[in-house]
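Visitor: Please find the sequence and the predicted model below.
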Amino acid sequence: MSKHIYKSHNKTLLLYHLVFPVKYRQKVLTTKIEKSICDICIAISERYEIIFVEIGLEENHVHLLVQGIPAMAVTRIVTIIKSIIAREIFRLYPNLKKQLWGGNFWTSGYYANTVGQYAGEDAIVQYIKNQGKEKYKKLYENNLGLEDFEC
């Protein structure tokens with residue numbers, strides 16, 4: 001189970017589920033490459049404030065559960081992880097670059113989702129509602145798209 005990260009003025013527990021597909025969805029993640037990816041992720045966590053909670057792979061994409069800090073945006077976390085893994089994998093397995101037509105290791109995109117350790121969306125909504133019960137005034141509810149945002 002993840003633990004809070006303490007800094008001088010904050011305490012956080014920021015978990016992200018990230019998915020990185022291999023370029024062209026090529027099935028190149030062999031057992032050797034999987035081991036290398038795991039080792040590279042451990043090295044990343046030693047150098048950056050990114051904690052890998054879990055690493056899972058299929059033949060053509062990687063699932064990561066990572067913990068970050070507020071000063072590091074999810075796009076920065078993604079950039080660090082994707083670029084270092086790609087660089088190291090191509091260094092360790094130079095023939096793989098030919099298999100991916102000399103291009104990138106990953107697709108340009110990714111999937112990211114926040115993960116709550118203590119409660120899901122419904123529990124947080126209920127928690128907010130229960131704060132200052134007599135004074136609670138709902139200003140906004142259930143609009144995930146910002147196109148018709150109104151307060």
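Guide: All right, it came through fine. Residues are numbered from 1 along each chain as shown.

Visitor: Now do the phi/psi pair for the residue nearest to residue 86 when sequence neighbours are not counted.
Guide: Nearest non-adjacent residue to residue 86, counting by Cβ to Cβ, 6 or more residues apart in numbering: residue 105, 3.7 Å away. C-beta: built from backbone N, CA, C; applies to glycine. Backbone torsions for residue 105, taken as degrees, to the nearest 10, come to phi -80, psi -40.

Visitor: what's the distance between residue 105 and residue 82?
Guide: Noted for residue 105: a distance of 8 Å to residue 82, by Cβ to Cβ, to the nearest Å.

Visitor: and stretch 85-95, average pLDDT?
Guide: Stretch 85-95 shows a mean pLDDT of 95.

Visitor: hmm, who's touching that stretch?
Guide: 20, 32-33, 36-37, 40-41, 44, 96-97, 104-106 (Cβ atoms under 8 Å, 6 or more residues apart in numbering).

Visitor: Please repeat the previous calculation with a cut-off of 10 Å.
Guide: Stretch 85-95 has contacts (Cβ atoms under 10 Å, 6 or more residues apart in numbering) with 20, 22-23, 28-30, 32-33, 36-37, 39-41, 43-44, 62, 64, 96-97, 99-100, 104-106.

Visitor: Good, we can wrap up now.
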